[in-house]
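Visitor: Predicted structure and sequence below. I'll ask about it afterward.
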Amino acid sequence: MSIEFGAHTFAAVPVVDGRPVSHAQVLRDVVAEGVAAERAGMAFFGIGEHHRADFAASAPEIVLGALASVTERIRLGTAVTVLSSNDPVRVFEQFSTLDGVSGGRAELIVGRGSFVESFPLFGYRLEDYQDLFEERLELLAALVREEPVTWSGRLRTSLSEQSVFPRSHAAEQGGRMPVWVGVGGSPESVIRTAKHGFDMMLAIIGGSPAQFAPFAGLYRKAMEQFGHTAADGTPLGRVGMHSPGLVAESDAEAKRILMPQWMVFRNRIGRERGWGDATEREFDEQVSEHGAMFAGSPETVAQKIAWAAQTLGVERFDLKYDSGTSHADNLRSLELFGTEVIPRVRQLLGAPASPASPAEM
């Protein structure tokens with residue numbers, strides 16, 4: 001079974017000695033963590049877009065540009081770009097530019113996002129939440145073909161035979177920039193993703209990965225029905241999964257590092273959304289054998305990833321490695337993920353080693 005691995009960060013702001021780390025320092029730390037992810041042999045590094053005080057990356061494309069200048073192999077993208085409150089033309093321009101300066105390493109993961117601060121910030125109505133995403137995804141699908149675009153919708157001005165520049169490095173080489181759609185688990189989202197022929201990234205942040213197996217199957221069936229198939233009739237498109245976690249020397253050490261920070265973020269968001277306070281039992285359920293959080297020793301995390309990959313048949317696993325944890329803990333987690341977890345998962349799945357793995361570099 002072939003699988004590749006990536007790392008995601010939301011640029012969460014840690015609290016050190018009772019004070020939050022500055023946004024500027026967090027952004028510099030994210031660049032260093034992207035370099036560490038490449039050094040550890042990962043295929044992809046993604047930065048999430050947020051517009052609130054507890055996350056530092058409101059303009060992840062700028063940080064990715066900085067990363068492009070200090071890395072050579074790792075693919076770079078967002079996790080996610082909140083497409084509902086972004087203009088697809090501008091999104092395409094930013095990523096075709098990133099693709100050019102990085103030598104064809106740009107990947108785009110778009111989604112609705114789990115927060116809504118960007119809507120009032122950029123002048124959009126929450127009443128248009130659904131229509132905004134559908135229209136913008138349709139326009140993005142037209143743009144990434146990199147042909148003159150004629151398009152009309154209800155919530156944006158129309159385009160008529162409009163070319164958009166720069167052309168991506170991928171298009172210059174006869175291909176297309178990879179685009180994933182982050183899906184939280186509704187059949188409508190799965191079918192919409194397949195309709196446009198985009199790859200699908202399952203955002204598994206609660207429950208059990210096994211609950212998402214029907215969506216992986218639905219996506220592959222829909223890709224086939226929409227005609228997105230190879231010459232032999234095999235459905236095209238990749239299925240990936242994004243899940244939070246942390247790798248440490250032992251299960252106990254991972255819990256010691258992660259649980260206090262997870263509690264802070266979980267309770268902060270919970271208060272905004274009317275949830276009750278988090279408990280240690282809830283944390284333990286999330287990191288249990290079939291829970292949504294991949295935290296523990298390298299062997300624990302590797303065994304769990306191998307199970308989830310086989311259960312869903314995913315082509316990529318992306319670990320969201322930061323949850324308000326310190327820069328030092330993030331770096332160690334990335335190192336262990338790349339040097340110990342990934343080779344062990346490949347061994348468990350009988351997959352060939354990646355050309356970019358540390359053992360072969």
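Guide: Received, thanks. Numbers count the residues shown, from 1 in each chain.
Visitor: right, and the helix or strand after the helix or strand that contains G77?
Guide: Using DSSP states H and E, G77 maps to strand 75-78. Downstream of strand 75-78, the next assigned helix or strand under DSSP H and E is strand 81-82.
Visitor: for this protein, which residue is closest to the average position?
Guide: Centroid-nearest residue in the chain, with CA atoms, centre = their mean: A79, separated by 3.4 Å.
Visitor: which non-adjacent residue is nearest it?
Guide: G46 (3.1 Å; CB to CB, 6 or more residues apart in numbering). C-beta coordinates here come from the backbone N, C-alpha and C atoms, glycine included.
Visitor: Now K320: phi and psi?
Guide: When read as degrees, to the nearest 10, the backbone of K320 gives phi -80, psi 100.
Visitor: was I right about it contacting A79?
Guide: Yes. Between K320 and A79 a contact is recorded at 7.5 Å, counting by CB atoms under 8 Å.
Visitor: Name the residues contacting each of these two.
Guide: Both K320 and A79 are contacted by H8, T9, F10, H242, under the criterion CB atoms under 8 Å, 6 or more residues apart in numbering.
Visitor: Which strand or helix spans the first one?
Guide: Using DSSP H and E, H8 sits within strand 4-9.
Visitor: sec struct for A222, please.
Guide: Judged by DSSP: H, G, I helix; E, B strand; the rest coil, the three-state class of A222 is helix.
Visitor: could you list every residue that touches it?
Guide: V190, I191, A194, K195 are the contacts of A222 under CB under 8 Å, 6+ apart.
Visitor: tell me the average confidence for the strand holding G77?
Guide: Across strand 75-78, pLDDT averages out at 98.
Visitor: Now that strand - C-alpha only, PDB.
Guide: Provided in PDB are the C-alpha atoms of strand 75-78 (Å, rounded to 0.1, in the frame of the first residue of the first chain):
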ATOM      1  CA  ARG A  75       5.700  20.500  -1.100                       C
ATOM      2  CA  LEU A  76       4.000  23.500   0.500                       C
ATOM      3  CA  GLY A  77       0.400  24.600   0.900                       C
ATOM      4  CA  THR A  78      -2.400  25.600   3.200                       C
END
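Visitor: now for the strand holding H8, which elements pack on it?
Guide: Packing contacts for strand 4-9, counted by 3 or more CB pairs under 8 Å, 6 or more residues apart in numbering; DSSP states H and E, involve helix 23-39, strand 44-47, strand 316-320.
Visitor: any residues touching that strand, and which ones?
Guide: Residues contacting strand 4-9 (CB under 8 Å, 6+ apart): 30, 33, 37, 42-48, 57, 75, 79, 240, 242, 315-322, 330, 334, 337-338, 342, 345, 354.
Visitor: Distance from it to the middle of the chain?
Guide: Offset of strand 4-9 from its chain centre (CA atoms, centre = their mean, to the nearest Å): 7 Å.
Visitor: ditto for stretch 220-238
Guide: Its chain's average C-alpha position is 23 Å from that of stretch 220-238, according to CA atoms, centre = their mean.
Visitor: ok, longest helix in the protein?
Guide: Across the chain, the longest stretch assigned as helix under DSSP state H is helix 251-273.
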